[in-house]
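Participant: Give the three-dimensional model of this entry:
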Amino acid sequence: QVQLQESGPGLVKPSQTLSLTCTVSGGSIATSPYHWVWIRQPPGKGLEWMGGVGYRGNTYAWPSLQSRTSISRDTSKNQFTLQLSSVTPEDTAVYYCARDSGNYFVDTWGQGTQVTVSS
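Facilitator: Down below sits the predicted model:
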């Protein structure tokens, strides 16, 4: 059974870079056909897809966040990471890592981690 766990600071100051890591257990992030994605939910709003990394290592980001988003992976640790630069309070959200089994269908979620952007 695949499990995902987010880790990283819960508080980030404005203009800094938010960095989160997702550790995957029970399955390799290099296994077809899965993509490993980041999704967030700001308070009082819906889910927002941020981007991800495919099983071949290809990375992508949602257009609205592309200029500030960097996603990478470390297959030796079975982890993938999110970096979001120049954060503002509008980036305050619960951040989830998840497994996309294809066509943006998420079949496994991490528990989520609250990140607050505040000085």
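
Participant: When you work out contacts or count neighbours from here on, use the C-alpha atoms and nothing else.
Facilitator: Noted.

Participant: Can you list the buried residues in the helix or strand hosting Ser19?
Facilitator: Secondary structure from DSSP states H and E places Ser19 in strand 18-25. Neighbour counts over strand 18-25 (16 or more other Cα atoms under 10 Å) mark 18-24 as buried.

Participant: Likewise for stretch 50-63?
Facilitator: 50-55, 57, 59-61.

Participant: What of stretch 37-54?
Facilitator: 37-42, 49-54.

Participant: Could you measure from the spatially most central residue of the chain over to Gly26?
Facilitator: Centroid-nearest residue in the chain, with Cα atoms, centre = their mean: Trp38, separated by 2.7 Å. According to Cα to Cα, to the nearest Å, Trp38 and Gly26 sit 19 Å apart.

Participant: what does Val37 give?
Facilitator: 17 Å.

Participant: next one: Thr92
Facilitator: 30 Å.

Participant: returning to that earlier point: the residue nearest to the centre of the chain: which element?
Facilitator: strand 35-41.

Participant: Next, the angle strand 18-25 makes with that strand.
Facilitator: Per axes from the mean of the first three to the mean of the last three Cα atoms, to 10 degrees, the angle that strand 35-41 makes with strand 18-25 is 130 degrees.

Participant: all helices of the protein, in order?
Facilitator: Applying DSSP state H to the chain gives no helices.
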